[in-house]
Structure formats: structure tokens, C-alpha cells
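[1] Okay, structure incoming, though there's no sequence with it:
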């Protein structure tokens, strides 16, 4: 697999500077094409973190998935991305999204009519003035999108990023975006052949995600039922959303995503004993084994 088609998601929210730098340098040495960080509603500033990580490397791209639109004005979001693109040889990829109503409202922001708000947001980003040095090219901007309306809007940007899905979802999104837009897919993967251990690792994460309406509605659209969502998430759903097994099997699952239309797959090497609240533990063995080759 070519490096420019495979990235790695590495939660750095709780790492100190030295450990975060070591993590991205390792990803670059292993040959990954991109290194993805997230944003917590009241966590570290992800643009500052991306700047630090880019300063520690020379080749690998840093992707932000996802920057929360309610926290920044459109021009602020766009010009932060432009600043990083200009300073670090176009090695920054911005994806942005509306996040989830329970998180946004809990911290004093107002989650209301996210689709309409995002439509206006994207238009304002496109017209945002920038008085910094002229860029060779604009940084890529993608939307975190799962459902039809937001995907239609993603087709007006550089593309979309999706997560907690299957190759069927990837094919559906590709059809909606068309052939010219970029499609990034986050895959949760675990190099573990013990079914009980692998499923418990997945279940501890998906129990959290499936409480959020956006993700629950997405998996319902893929044919999963209330029984799959109830009582801690079914084995069937875990097996669909978490790729686990041998290295050969995991690479086959990666290929399925490319065949379904993904341009770039970002693996999240999930560890047994995944942490709560959606911040996973990283499995170093999976991280190393699935590096591009």
C-alpha cells in the first residue's frame, strides 16, 4: 500500500510534548502518509497542537478530525489552516464538523440547525480574506459527514471524512460525492485473534459512540437494528465497525475500503481496554504491523 493512501489516528490529547513528538516521528519513520489528531470541546487547541507536530517532522501530513465549527468564526478556521499550510509545505489537512449536541450545549455553546449553520459557514470560509504570504495552493478542507444533506454540502468542499462505517457506507458516500472529491475513511483496527478480547475493546468504544444520534442513525441506515444498539452493542455491530484478526485479514479489510471508493484510509489502532469517553488507547503492535509497505 502506498504511504499517501494510508494514515494513522493517534490520540495525543493526554500526551506530553515529548511523547506526542515521539509518536508522530515514529509514524513518519514507519511510512504513514498522515497523522490524525482530534479536538475535544474543552481540550487543547488542535491548531496549536498540529503546529507543534508538524514542526517535529519533515514529510508526514497532519490531519485534524474534526475541528468544531461552533468554537470558531469561519475566517478564523480558514486562516488557521492557511497559516499551517504556508508554514509547513502544505502538510496540513483540515476536516471540520458540527460535533454533537450534548457536548456543545453542555459547555455553553448553542447547537442549533447544524446543516443550515454549516452551509453559511462554508460560504464564509470560501470568501475569507487572508493577508498572509500568498499560498501556492489552498489547504484541503473536508467535512465530517454521514447523512445525505451534509454529504451534499461536502461535495461543495474538497470532500468528506467518515467514521464508524462499513465499505457499504463508503460506497454510498463515494456515489454521493462523485469521482472528483476526496473521501477519507477512519477505520478502527485491532491485531487480535481472540474474539472476546477484540469485541470487548470495540464494545467499550462503540457503547459511547452509539449514544450519539448521528452515529446511531448512520448505522441504522446500514441495516442495523435497535437490538444491535441495545445492551452494550451487539457482536454483529462490533464486527462490522471494528476490523480485528490477523494482519492479513486487517489488510484485506483495508483493501475493501479502497475498492469501495476511499482515497485515503486512516487507521485507528485500537487497544484492548479502550478508554472511556471516546478517547481510545493506542495499540502499538497494530500501529507498527499495519504501516504501509
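    Yep, it's here. Bear in mind the structure is a predicted one, so any value in this text is a computation, not a measurement.
[2] quick one: buried residues of the worst-scoring helix or strand of the chain on mean pLDDT?
    In the chain, no helix or strand scores lower on mean pLDDT, DSSP states H and E than helix 101-106, which sits at a mean of 82. Using 16 or more other CB atoms under 10 Å as the test for burial, helix 101-106 gives 101, 103-104. For the C-beta atoms, the positions are set from N, CA and C on the backbone; glycine is no exception.
[3] which element follows that helix toward the C-terminus?
    helix 114-126 (DSSP states H and E).
[4] Now do that next one: everything it contacts.
    69, 73-75, 77-78, 98, 141, 143, 149-150, 153, 156-157 (CB atoms under 8 Å, 6 or more residues apart in numbering).
[5] Nearest to residue 186, out of those: which one, please.
    Nearest to residue 186, judged by CB to CB, of these is residue 143 at 13.8 Å.
[6] Quickly find the element holding the closest one.
    Residue-wise, residue 143 maps onto strand 141-144 under DSSP H and E.
[7] Which neighbouring elements make contact with the helix or strand just after that strand?
    Once strand 141-144 ends, the next helix or strand along the chain (criterion: DSSP H and E) is helix 148-154. With contacts taken as 3 or more CB pairs under 8 Å, 6 or more residues apart in numbering; DSSP states H and E, helix 148-154 sits against helix 114-126, strand 141-144, helix 167-177.
[8] could you give the mean pLDDT of helix 148-154?
    Averaged across helix 148-154, pLDDT comes to 94.
[9] Might you calculate how far that helix sits from the centre of the chain?
    Here helix 148-154 is found 17 Å from its chain centre; the criterion is CA atoms, centre = their mean, to the nearest Å.
[10] Go through the helices and strands packed on helix 148-154 and pick out the most buried.
    Each of these was scored by mean neighbour count; the highest is strand 141-144, a mean of 24, by mean count of other CB atoms under 10 Å.
[11] Would you mind listing the outside residues contacting it?
    Counting by CB under 8 Å, 6+ apart, 65-66, 78, 81, 93-98, 118, 122, 125, 150, 153-154, 157-163, 182, 184 sit against strand 141-144.
[12] And stretch 214-232, by the same measure?
    In contact with stretch 214-232 (CB under 8 Å, 6+ apart) are residues 100, 146-147, 164-166, 168-169, 203, 207, 209-210, 234, 236-237, 240-241.
[13] Quick one: buried ones out of those?
    Buried among the contacts of stretch 214-232 by 16+ other CB under 10 Å: 100, 146, 164-166, 169, 203, 207, 209-210, 234, 237, 240-241.
[14] so which one among those residues has the lowest pLDDT?
    residue 100 (83).
[15] For that residue, give me phi and psi.
    phi -140, psi 140 (degrees, to the nearest 10).
[16] Make sure residue 35 is indeed in a helix.
    No: using DSSP: H, G, I helix; E, B strand; the rest coil, the assignment for residue 35 is strand, not a helix.
[17] burial count for it?
    By other CB atoms under 10 Å, 26 other residues sit near residue 35.
[18] Do I have it right that it meets residue 6?
    No: contact between residue 35 and residue 6 fails when scored by CB atoms under 8 Å: they sit 11.2 Å apart.
[19] quick one: the strands in the stretch 1-150 of the chain?
    Applying DSSP state E, counting those that start in this stretch to the stretch 1-150 of the chain gives strands spanning 6-9, 34-37, 61-68, 92-97, 141-144.
[20] just to revisit the earlier point, and the least confident helix or strand of the chain, how far from the chain's centre?
    20 Å.
[21] And for stretch 84-101?
    With CA atoms, centre = their mean, you get 11 Å for stretch 84-101.
[22] distance between the ends of that stretch?
    End-to-end span of stretch 84-101 (CA to CA, to the nearest Å): 29 Å.
[23] Report the buried residues of it.
    84-86, 88, 90-101.
[24] gap between the most centrally placed residue in the chain and residue 121?
    Central residue of the chain (CA atoms, centre = their mean): residue 65, 4.4 Å from the mean position. According to CB to CB, to the nearest Å, residue 65 stands 17 Å off from residue 121.
[25] No further questions, thank you.
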